[in-house]
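> Quick one, fold the following:
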Amino acid sequence: MITRRFFLLFIVTAGLIVSCGNDKPTEPSATKPKGELDIKYPTEKATVSGIVPIQAEFRGYIIPEEIKFYIDEKLKHVVVDTPYIYQWDTHGFDDNTFHVLQAKAYAEDQILAESGIITVKVNNTPSGSKDEEPPSVTLTSPSPGDTLSGEVNIYLEALDNTGIKKTAIYIDNVLKSSESHYIWNTLDYSDGVHTLLAKAWDFEENEGQSQSIQVTVDNSDYRDNTPPSVQIVYPPPGEKLAGAVKIRVSALDVSGIKNVQIYIDNKLAASADTCLWSTLTYPDGDHLIYAKAWDNNANEATSPVITVTTSNSCTLNKNLIANPGFEEDKDGWKEQEDFILESTDPHGGEYCALVKDHEIINLILLHGEPEQIFTISFWYRSWQAETRNYFSRLELESLDDKINIYFNREAYVPTGWTQYETAFSPNKACKIRLVLGQDGSGICFDDFVIKRIQ
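Predicted coordinates for the structure are as follows:
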């Protein structure tokens, strides 16, 4: 009976041992290599020091997903793209010791190929003479004389007995990369011949450089050379204009529009596709308007030039202020947009103008003539609950004269909207502006109206 128990226990134990053996993880299969892998540098029995570029080369019909580098059978580095190089720092190894190097190529967790084992000797003890041998540098891609377009991969190869400390890639003598690989977007360069050069430095600061090569960029099949379409939409040619006029431009291009400029009498008036033009600031007569546009590929186009005629001298009972009540947001007040205030109780529209602390708003430049009479009116109120009046005024300033009109002579500015109106005769070119006299003041304005009544 005792014998039977011992026999059963032995069978169960043996079964457990067999079961555990079957659960041991296995390495990916390497029985069917699908390519060849070699370590090209360093070579067998070489003596190495410093930083050593271990370079592997794979040949096969399947592209590896990764190359693993082993030193003394221990995984040290993984590379997922060409060139397959591992910069091995030998300073952590004892001098005069031998080490084995190997590389393995993998795809889908399967080994494609294994390199042979390379044995090298590490010796970082300085010798009696300084290393003055520069690195060997080669541009491996592209090749001299190649014609290139789009994005191009530039590769360099650098070798040195003490290792490579840094590298550089130059295009037309301009440093573009401090790596051994650079993706060159040739669309950023003009079509034609360009020069490529590579440099490398070892740990003794010896510099080596490749032979410069010339390549030709030709992106004629890729580059957009078609200029945009641009034209003045309003006003039409020959239009007679007065007061404030909104110039509108149409600019179209398949790549999109980057910039639009509007010119009046050959001077830049706006960098936008619309421009609010106060014709009162120009003398009566013919004026030229045209626009320029640039697409996203830097192609430029100019619209046809149109001629319009301004005539403000006989304009009666027409408000000369553009967007007087700010009903169209800040349009017409862009040069003073910091003054525009969102208001919960504007006199009209959603916005009003705020002037405070010595600030000035330029309203208009009039070209008055003798016996012409203008009126100006507006609504105003205190910015805060109580604002002391610091001689807030209108200034009518010509080249040789200035008239101050104090529209509120009370001690405080009213908290509710109050209207002010007056008449004046400028007789000549006259600048009209709002001025506040002292810090701490603040007045809101709305619904400006300036009209010629005679």
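> For the residue nearest to S255 when sequence neighbours are not counted, give me its contacts.
Spatially, and ignoring its direct neighbours in sequence, S255 is nearest to N296 (4.4 Å; CB to CB, 6 or more residues apart in numbering). All C-beta spots, glycine's among them, are computed from the backbone N, C-alpha and C. When contacts are counted by CB atoms under 8 Å, 6 or more residues apart in numbering, N296 touches D253, S255, G256, I257, K258.
> Go again with 6 Å.
S255, G256, K258 (CB atoms under 6 Å, 6 or more residues apart in numbering).
> Those into JSON lines, with extra columns for distance to K34 and pLDDT?
Below are these laid out as JSON lines (distance: CB to CB, whole Å; pLDDT from 0 to 100):
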{"residue": "S255", "distance to K34": "45", "pLDDT": "83"}
{"residue": "G256", "distance to K34": "48", "pLDDT": "89"}
{"residue": "K258", "distance to K34": "51", "pLDDT": "92"}
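> Quick check: can you list the domain ranges of the protein?
Domain segmentation of the chain under automatic domain parsing yields 35-122, 136-217, 229-310, 334-452.
> Columns distance to R223 on top of the ones you listed, output as CSV?
Output for these, formatted as CSV (distance: least, CB to CB, whole Å):
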stretch, distance to R223
domain 35-122, 29
domain 136-217, 7
domain 229-310, 7
domain 334-452, 36
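> So S143: helix, strand or coil?
Recorded secondary structure, S143: coil (DSSP: H, G, I helix; E, B strand; the rest coil).
> still on that earlier bit, which of the contacts of N296 fall within helices?
Assigned to helices by DSSP state H, none of the contacts of N296 qualify.
> quick check, nearest of those residues to F424?
Within the contacts of N296, the smallest distance to F424 is 45.5 Å, found for K258 (CB to CB).
> ok, that closest one - contacts?
K258 touches W294, N296, counting by CB under 6 Å, 6+ apart.
> Look up how far P228 lies from it.
9 Å (CB to CB, to the nearest Å).
> Where does the prediction get shaky in the protein?
Counting by pLDDT under 70, the ranges of the chain that qualify are 1-33, 126-130, 312-350, 357-371, 384-412, 426-430, 436-441, 454.
> quick one: the helices in it?
Using DSSP H, helices in the chain cover 2-22.
> intersection of neighbour lists for K258 and P228?
With contacts taken as CB under 6 Å, 6+ apart, K258 and P228 have no neighbour in common.
> before we move on, back to that, what is the nearest of the contacts of N296 to P235?
K258 (25.3 Å).
> what's the nearest residue to P236 if we skip its chain neighbours?
The nearest residue in space to P236 (CB to CB, 6+ apart) is I306, at 7.3 Å.
> what's the neighbour count on the one you found?
18 (other CB atoms under 10 Å).
> my read: it touches L288, true?
No. If you go by CB atoms under 6 Å, I306 and L288 don't touch, sitting 7.4 Å apart.
> quick revisit: from I262, how far out is the residue nearest to P236?
In terms of CB to CB, I306 sits 12 Å off from I262.
> do the same with N153
45 Å.
> what number of residues lie near V230?
With other CB under 10 Å as criterion, V230 counts 25.
> can you pull the contacts of it?
By CB under 6 Å, 6+ apart, V230 lies in contact with A251, A291, A293, A301, S303.
> ok, so of the residues you listed, who is nearest I432?
Distances from I432 to those, taken by CB to CB, are shortest for A291, at 29.9 Å.
> does that closest one have beta-bridge partners, and which?
With beta bridges defined as DSSP bridges, A291 has these partners: I262.
> Mutual contacts of I306 and L288, please.
Counting by CB under 6 Å, 6+ apart, nothing touches both I306 and L288.
> need the contact list for E66.
Neighbours of E66 in contact, by CB under 6 Å, 6+ apart: V78, V80, Y106.
> Going through these, which ones are buried?
Buried subset of the contacts of E66 (neighbour count, 16 or more other CB atoms under 10 Å): Y106.
> Which one of the contacts of E66 is nearest to H91?
Nearest to H91 among these: V78, at 21.4 Å, using CB to CB.
> Show me the beta-bridge partners of that closest one.
V78 has these beta-bridge partners by DSSP bridges: K68.
> so it touches Y70, yeah?
No. Counting by CB under 6 Å, V78 stays clear of Y70, with 10.6 Å between them.
> With adjacent residues omitted, what lies nearest to S382?
Closest residue to S382 apart from its sequence neighbours, by CB to CB, 6+ apart: V413 at 4.2 Å.
> if I look at the one you found, how far off is F378?
V413 sits 13 Å away from F378, going by CB to CB.
> Quick check: E133 vs I39, distance?
The gap separating E133 from I39 is 22 Å, by CB to CB.
> Which one of those two is surrounded by more residues?
Neighbour count, other CB under 10 Å: between E133 and I39, I39 has more, with 21 against 12.
> Q214: neighbour count?
Using other CB under 10 Å: Q214 sits among 11 other residues.
> quick one: contacts for it?
The neighbours of Q214, taking CB under 6 Å, 6+ apart as the test, are V193, T195.
> Could you give the bridge partners of it?
Going by DSSP bridges, Q214 forms beta bridges with T195.
> Was I right to think A269 contacts I262?
Yes. Taking contacts as CB under 6 Å, A269 lies within contact range of I262: 4.9 Å.
> Common neighbours of the two, please.
Residues touching both A269 and I262 comprise C275, with contact defined as CB under 6 Å, 6+ apart.
> who's more crowded, these two?
More crowded of A269 and I262, by other CB under 10 Å: I262, with 22 against 16.
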